[in-house]
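**Q** predicted coordinates and the sequence they were generated for:
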Amino acid sequence: MTRDLTITEVRLTPILVADPPLLNTQGVHQPYTPRLVIEVVTADGITGVGETYGDTKYLELARPFADKLVGRQVSDLNGLFTTADEVAVDSSRVLGQVDVGGLRGVQTADKLRLSVVSGFEVACLDALGKALGLPVHALLGGKVRDAVEYSAYLFYKWADHPEGVPCEKDDWGAAVDPAGVVEQARVFTERYGFTSFKLKGGVFPPEEEIAAVRALAAAFPGHPLRLDPNGAWSVATSLKVAEELGDVLEYLEDPALGTPAMAEVAARTGVPLATNMCVTTFAEIKEAFTKNAVQVVLSDHHYWGGLRNTQQLAAVCRTFGVGVSMHSNTHLGISLAAMTHVASTVPNLHHACDSHYPWQSEDVLTERLTFDGGKVAVFDAPGLGVELDRDRLAFLHRRWLDDDGTLRDRDDAAAMRVADPAWVTPSVPRW
Ligand SMILES: O=C([O-])C(=O)C[C@H](O)[C@@H](O)C(=O)[O-]
Ligand SMILES: [Mg+2]
């Protein structure tokens, strides 16, 4: 049977999804965070879905990009990149800018484009898979595992967003000390069966975060542990933490900011270093790998440009003997499905991937994805194997429409200022 894979329509739906008060070195998560849901429709009436960042700068690019795709084939995945290059990026969005205050490294025009392309690539792969009756992992060459392991992503957290701020309540409670962190980890294991743990650090002075990791090690002996202060420490502080926690850490994630500082730390500790901050583009690989600055790259299909670029990154890492795993920030089930498909095809994935999904009480799918024993089973249904819940999508879009603009761009420092008007983004190194 021949199929008409021509794209006849692209729908873009920006939404705001509930987010708990999770703390990081920049500040705190807003009560609602923007995401963009992308749908591509083919001449045969097949719809593919994708998801990416929904902040204004991404929407500004996604709209003209979407217009250019009408009339093209969903199978023309390579063409997405050349088409994206034709869309102008407002230089004020990228010059001297960093992503989410630096949490995802530098901001460049290319990275901005790739962050948009990734959502469309996933939507095209979903549509193509549905048209061919094949799961996305088959389009990527086939899965090498039937389930993908994720780690519990622990956060220091307030019980509630600041008083008076409209928000959705969550049932996780507060975690602002070692006992709270261990309790949160227990809930993660009970609800999802995770066996490895990552703590988002850079929030409290290093001694307190060392104590929290020590408490985790005592509560979960032998389980892989990670600590990620998002580059908040000096080289000296990073080395001190590495020395104190070296016996229990699987890796230390971005202890210090930038490749030269990471290389200095790496040269003086045996603890492996992971990053989603100094290697975030192909252009950054050469310096980091030749300086031996990182031992694990945390890929993220959103900003690396999609699932096939993630496979290419994994191949480069394999060539250099560098490990690979996955970074995550707030995302929904479409992206978790996409992450799981690509992760299932990467042979050299030796660490459990990060996922924020357990923190998201809201989704746009008819059925939430589930973790069993800390793993997500790889779907074998055509495409991504997920279905959009149009009522939920409309509800979350209505929230975005009703917002006066304050929540449409993620800003953890601004969210912190609601609780602490004197808060300024800490200069780095903070400790
Ligand atoms: O370094 C990381 O793993 C992240 O930046 C992940 C997320 O952005 C996390 O820090 C957050 O959302 O606060
Ligand atoms: Mg990180």
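**A** Right, received. Where do you want to start? Ligands and ions are numbered 1, 2, ... in the order given.
**Q** could you measure the residue in the stretch 251-400 of the chain positioned nearest to ligand 1 against residue 221, distance?
**A** With Cβ to the nearest ligand atom, the shortest gap between the stretch 251-400 of the chain and ligand 1 falls at residue 329, namely 3.4 Å. (Each C-beta comes from the backbone N, C-alpha and C, glycine too.) With distances taken as Cβ to Cβ, to the nearest Å, residue 329 is found 30 Å from residue 221.
**Q** with residue 181 instead?
**A** Residue 181 sits 16 Å away from residue 221, taking Cβ to Cβ as the criterion.
**Q** among the two, which residue is more densely surrounded?
**A** residue 181 (25 against 8; other Cβ atoms under 10 Å).
**Q** can you classify that one by secondary structure?
**A** Recorded secondary structure, residue 181: helix (DSSP: H, G, I helix; E, B strand; the rest coil).
**Q** so the residue of the stretch 251-400 of the chain closest to ligand 1 touches residue 359, yeah?
**A** No. With contact defined as Cβ atoms under 8 Å, residue 329 does not reach residue 359; the gap is 10.0 Å.
**Q** which neighbours do those two share?
**A** Shared contacts of residue 329 and residue 359 (Cβ atoms under 8 Å, 6 or more residues apart in numbering): none.
**Q** of those two, who's got more company?
**A** More crowded of residue 329 and residue 359, by other Cβ under 10 Å: residue 329, with 25 against 20.
**Q** give the helix, strand or coil label for the more buried one.
**A** Of the three states, residue 329 takes coil under three-state DSSP.
**Q** list the contacts of it.
**A** 100, 103, 104, 356.
**Q** and those residues, which of them are buried?
**A** Among those, the ones that count as buried by 16 or more other Cβ atoms under 10 Å are 100, 103, 104, 356.
**Q** which of those residues scores worst on pLDDT?
**A** Lowest in pLDDT among these is residue 100, which has 78.
**Q** that one and residue 17: what is the separation?
**A** 16 Å.
**Q** need the helices for the protein, in chain order.
**A** 56-69, 77-85, 109-132, 136-139, 178-192, 206-219, 235-245, 259-267, 285-290, 301-304, 307-320, 333-343, 390-402, 412-419 (DSSP state H).
**Q** what's the local residue count around the closest residue to residue 133 other than its chain neighbours?
**A** Nearest in space to residue 133, with sequence neighbours left out and distances taken as Cβ to Cβ, 6 or more residues apart in numbering, is residue 382 at 5.1 Å. For residue 382, the neighbour count with other Cβ under 10 Å is 19.
**Q** do residue 136 as well
**A** 29.
**Q** do you know how far it is from ligand 2?
**A** Note on residue 136: its distance to ligand 2, by Cβ to the ion, to the nearest Å, is 25 Å.
**Q** cool, residue 98 as well?
**A** As judged by Cβ to the ion, residue 98 and ligand 2 stand 14 Å apart.
**Q** quickly list what that residue is bridged to.
**A** For residue 98, the beta-bridge partners under DSSP bridges are residue 106.
**Q** wait, doesn't it sit right on residue 108?
**A** No. Using Cβ under 8 Å, residue 98 is not in contact with residue 108; the gap is 10.3 Å.
**Q** for residue 154, give me its contacts.
**A** 175, 181, 184, 185, 188, 197, 198, 199, 200, 216.
**Q** at 6 Å what do you get?
**A** Counting by Cβ atoms under 6 Å, 6 or more residues apart in numbering, residue 154 makes contact with 181, 184, 185, 197, 199.
**Q** which one among the residues you listed gets closest to residue 125?
**A** Taking Cβ to Cβ as the measure, residue 125 lies nearest residue 197 of the contacts of residue 154, at 31.4 Å.
**Q** ok, the closest one touching residue 186?
**A** No. Here residue 197 lies out of contact with residue 186, judged by Cβ atoms under 6 Å, at a distance of 10.5 Å.
**Q** pick out whichever of these two has more residues nearby.
**A** Each of residue 197 and residue 186 has its neighbours counted (other Cβ under 10 Å); residue 197 has more, 27 against 13.
**Q** quick revisit: residue 98 and residue 108: which has the busier surroundings?
**A** Between residue 98 and residue 108, counting by other Cβ under 10 Å, residue 108 is the more crowded of the two (18 against 13).
**Q** which residue sits closest to that one in space, ignoring its chain neighbours?
**A** Leaving aside its sequence neighbours, residue 108 sits nearest to residue 94 (Cβ to Cβ, 6+ apart; 5.7 Å).
**Q** over to residue 333?
**A** In space, and not counting its chain neighbours, residue 333 is closest to residue 365: 4.3 Å by Cβ to Cβ, 6+ apart.
**Q** list the contacts of that neighbour.
**A** Contacts for residue 365 (Cβ under 6 Å, 6+ apart) come out as 333, 386, 389.
**Q** tell me the one of those residues nearest residue 412?
**A** Nearest to residue 412 among those, with distances taken as Cβ to Cβ, is residue 333, at 23.3 Å.
**Q** hang on, isn't residue 4 packed against residue 44?
**A** Yes. Between residue 4 and residue 44 there is a contact under Cβ under 6 Å: 5.1 Å.
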